[in-house]
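A.B. asks: Provide a 3D model corresponding to the input given below.
(chains A and B)
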Amino acid sequence: DSGVTQTPKHLITATGQRVTLRCSPRSGDLSVYWYQQSLDQGLQFLIQYYNGEERAKGNILERFSAQQFPDLHSELNLSSLELGDSALYFCASSTTTGTANYGYTFGSGTRLTVV
Amino acid sequence: AQKITQTQPGMFVQEKEAVTLDCTYDTSDPSYGLFWYKQPSSGEMIFLIYQGSYDQQNATEGRYSLNFQKARKSANLVISASQLGDSAMYFCAMREGDTGGFKTIFGAGTRLFVKA
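C.D. replies: Below you'll find the model as predicted:
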């Protein structure tokens, strides 16, 4: 157990629907990062939050949004889902905004299948 | 724009031998960090090793070492004495940014197969 908890582990939903993925960072970590891993795109950085504030943004679609709550857990909201959104979504956490010289701690991911 | 390139989609190595996984990067930021992660078939991402752009010595972590050649912008991972459990996908990654926020981008990965 890495200490980063992602729920649910698997999610199957229909096109056009909306889902929410949840992440609880490792205890003491203030930064949360969201990544999308698909077969054709590899690991794509979506967004970073630090202590409740958005700090860095990657190639996140407008249909996707995220937030980090006061208790530091984060949610990634995916709406108007398309078949191409099917992927493994990872959450990772770290203690700082990223200046520390160690890697992120990843959760086990949420496997999203859009049918 | 920052970029990470892993040119080896797949690699085979005999158990107990050493293997080098290639990674080149491109960035205009003088301050950056380089990482390697392992993703076994179970899917989790495991941090292996880190190299800072200002570090003078190559990073080592147990059987993992990072061959950092700054002028060539390469950060190859060397795994010594390969074990069957090393069979996995390996990702090279680079972090750049400032105190405002950081992005870590990943290469396409190299799948390593360790043969008994």
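
A.B. asks: residue contacts, B:Gln8?
C.D. replies: B:Leu21, B:Asp22, B:Thr110 (CB atoms under 8 Å, 6 or more residues apart in numbering or on different chains). All C-beta atoms are positioned from the backbone trio N, CA, C, and that covers glycine.

A.B. asks: and of those residues, the nearest to B:Gln69?
C.D. replies: B:Asp22 (11.1 Å; CB to CB).

A.B. asks: Let me see the contact set for the closest one.
C.D. replies: B:Asp22 is in contact with B:Gln6, B:Thr7, B:Gln8, B:Ser74, B:Asn76, B:Thr110, counting by CB under 8 Å, 6+ apart.

A.B. asks: What residues are bridge-paired with the last one?
C.D. replies: Beta-bridge pairing of B:Thr110, defined through DSSP bridges, involves B:Tyr90.

A.B. asks: ok, it touching B:Ala88?
C.D. replies: No: applying CB atoms under 8 Å, one finds B:Thr110 not in contact with B:Ala88, separated by 9.6 Å.

A.B. asks: Residue 17: how many residues sit nearby?
C.D. replies: Using chain A. Neighbour count for A:Gln17, taken as other CB atoms under 10 Å in any protein chain shown: 13.

A.B. asks: my question was about chain B
C.D. replies: Close neighbours of B:Glu17, defined as other CB under 10 Å, add up to 12.

A.B. asks: and what of B:Asp26?
C.D. replies: 11.

A.B. asks: try B:Val19
C.D. replies: Neighbour number of B:Val19 under other CB under 10 Å is 21.

A.B. asks: Adjacent strands (with direction) for the helix or strand of chain B with the lowest mean pLDDT?
C.D. replies: Sorting the helices and strands of chain B by mean pLDDT, DSSP states H and E puts strand B:101-106 at the bottom, at a mean of 80. Strand B:101-106 pairs in its sheet with strand B:88-98 (antiparallel), by DSSP bridges.

A.B. asks: Can you show me the CA trace of the partner strand as PDB?
C.D. replies: In PDB, the C-alpha atoms belonging to strand B:88-98 read as follows (Å, rounded to 0.1, in the frame of the first residue of the first chain):
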ATOM      1  CA  ALA B  88       8.000  -4.500 -16.100                       C
ATOM      2  CA  MET B  89       7.500  -1.300 -18.000                       C
ATOM      3  CA  TYR B  90      10.000   1.400 -17.100                       C
ATOM      4  CA  PHE B  91       9.300   5.100 -17.600                       C
ATOM      5  CA  CYS B  92      11.800   8.000 -17.700                       C
ATOM      6  CA  ALA B  93      10.400  11.300 -16.400                       C
ATOM      7  CA  MET B  94      11.500  14.900 -16.100                       C
ATOM      8  CA  ARG B  95      10.200  17.500 -13.800                       C
ATOM      9  CA  GLU B  96      10.700  21.200 -14.400                       C
ATOM     10  CA  GLY B  97       9.100  24.200 -13.000                       C
ATOM     11  CA  ASP B  98       9.400  26.800 -10.300                       C
END
